[in-house]
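1. Got a predicted model here, sequence first, then my questions.
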Amino acid sequence: LQNHGHPYAQVGIAREAIDAERATVVMRAEPGTIGFFGPIDIAGNQNVDDRVIRRRLAYAPGDLFRRRGIERTQQRIGALGLFKSVEIRARDIDNQPAVVPTVITVEERTPWQWNLGLGYAAGDRLGVDARISHLNVFGSAERVDLQVRVSRIERATEVAFTQNDTWHPALSMSLQARHR
């Protein structure tokens, strides 16, 4: 019911014994009022711009309430890799308003990522691969990566810049420079 415009639906299940071996299961559903998404507030982001989060919304104010829209939004925001946690809650649910305001609360994680790898191969012998990344350079989820590979036969450096949401939330643009 919550995926069909009923944010306050209640479902109850009761089991009634008929005899020692049989029972009747009674399921009662109360759909409640039809609801629509209302204003969307964002909290907890300090270094990530609100627009980055809003571009990931799977629902908009005025849309029919669907729990699936909240779940998709939570997945999309989490996929950015910028947050430890993402929580989306309906506000003022005790009053059961027809226009349901929501608040998206995020907890940012450090934008820095470090990786170091060691390997051994017959031709290369000992090799080192190091990468440092910053996932939110300018506050709009821009990513910069610096990678260095050193072995007996290879020395390579790569720098990459990735701009998410270039023209559309599903499109990214990357620029890369390599030196060997």
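-> Now that the structure is in, tell me what you want to look at.
2. Which elements pack onto the longest helix along the chain?
-> In the chain, taking DSSP state H as the definition, the longest helix is helix 67-78. With contacts defined as 3 or more CB pairs under 8 Å, 6 or more residues apart in numbering; DSSP states H and E, helix 67-78 has these neighbours: strand 83-90, strand 99-108. Every C-beta, even on glycine, is put in place using the N, C-alpha and C of the backbone.
3. buried stuff in that helix?
-> Buried residues in helix 67-78, counting neighbours by 16 or more other CB atoms under 10 Å, are found at 69-70, 73-74, 76-77.
4. Save those as CSV, and put in distance to residue 6 and pLDDT too.
-> Listed next are those as CSV, based on distance: CB to CB, whole Å; pLDDT from 0 to 100:
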residue, distance to residue 6, pLDDT
69, 14, 95
70, 14, 95
73, 19, 97
74, 20, 96
76, 24, 93
77, 25, 95
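5. got a markdown table for those residues, with distance to residue 144 too?
-> Shown next, in a markdown table, are the buried residues of helix 67-78 (distance: CB to CB, whole Å):
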| residue | distance to residue 144 |
| --- | --- |
| 69 | 32 |
| 70 | 32 |
| 73 | 27 |
| 74 | 27 |
| 76 | 22 |
| 77 | 21 |
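6. any idea how far residue 33 is from residue 99?
-> Distance check for residue 99 against residue 33: by CB to CB, to the nearest Å, it reads 11 Å.
7. So which residue is smack in the middle of this structure?
-> residue 78 (2.0 Å; CA atoms, centre = their mean).
8. now it, nearest residue through space, not along the chain?
-> residue 86 (5.0 Å; CB to CB, 6 or more residues apart in numbering).
9. Could you check how many residues crowd around that neighbour?
-> Using other CB atoms under 10 Å, residue 86 has 21 other residues around it.
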